[in-house]
Each structure stands twice: as C-alpha cells, then as structure tokens.
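Peer 1: got a predicted structure here, sequence first:
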Amino acid sequence: MAVIQRTASATWRGDLKAGAGQIDSTSGVLAGTPYTFMTRFENAKGTNPEELIAAANAACYSMALAHHLSQEGHVPESIVTEATLSLDNGVIARMHLRTRGRVPGLGEADFKRMAEDAEKQCKVSNALRGSVAITLDAALAT
C-alpha cells in the first residue's frame, strides 16, 4: 500500500487562557475551526483536540467494523459508534467505544466477536494503544 499523508495545522494567538486558535486541514473540512481554553477545559461550545481524537477513533472504528463484517459476508445496513475520550488529570487515559450495528442475518454473539476483532484493526485505536486504555461496548441495534 502506498504511503498516505494527511495534513492539518493549528494556529494559536495569545496566552493559554485568553488566547484562541484555529484548526485547518488540507481537505478543507476543518477550515478556520476555532478552539479556545474554554472549549477544551470548560465545556464551552466549540471543538478541542480531544474531541477531534474521539471523532477520528469513532470514524476509523466504524469503517474497520464495516470492512470486517463485509469481508465475512455480512454487509451492515448501518454502524453507529460513539467514542468517549477521558482526560484524567491532564492525561488522555481512556477511550470508550460504544457501537451499535444493523446487520441483517447476524446474531449478537457473532457481531460482538467481529466488533472486537475490528477494534484491533482500527488504525486510530492502534495508534493510541499502549498509552490509552480502550474499551468496547458492541451490540446489535434494536
């Protein structure tokens, strides 16, 4: 497989608490996306680095699970994954993935087994593994 590179940049102006920054990506999806101390540490409206890591993990995992299921002959109707990153005393300590899938003809036990296998194939999870505890709650959607 060829080397794939993705690029993003961040610009910060001012001190940590009163300053502000913006995030840009070469794809244009993140175009001047603002972030501040308050969006990161005080739950103000806006994004932050940890939310972006969680979003990347949720997206990557959903794709890995869709691929794994499809390779096993079970094309999913949908997969919804929520990733919750926990920042504990300034350290990214935990990532919890909660996924629900609609997969016709697949039983709960097989879905859970394939979901666990897919987590090991997720490139973002693998980048975090070793420094972040990753847990998974997988079930078929009701």
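Peer 2: Received the coordinates, thanks.
Peer 1: where is the longest helix in this protein?
Peer 2: In the chain, with assignment by DSSP state H, the single longest helix is helix 49-71.
Peer 1: could you point out which element follows that one?
Peer 2: Note on helix 49-71: by DSSP states H and E, the next helix or strand toward the C-terminus is strand 78-88.
Peer 1: same for that following strand, what does it pack against?
Peer 2: helix 49-71, strand 91-102 (3 or more CB pairs under 8 Å, 6 or more residues apart in numbering; DSSP states H and E). Every C-beta, even on glycine, is put in place using the N, C-alpha and C of the backbone.
Peer 1: now do the domain split for the chain, please.
Peer 2: Following automatic domain parsing, one gets these domains for the chain: 8-41, 49-140.
Peer 1: so for residue 1, which of the ones you listed sits nearest?
Peer 2: domain 49-140 (11.5 Å; CB to CB).
Peer 1: so how far is the closest one off the chain centroid?
Peer 2: Relative to the centre of its chain, domain 49-140 is centred 8 Å away, using CA atoms, centre = their mean, to the nearest Å.
Peer 1: alright, I will stop here.
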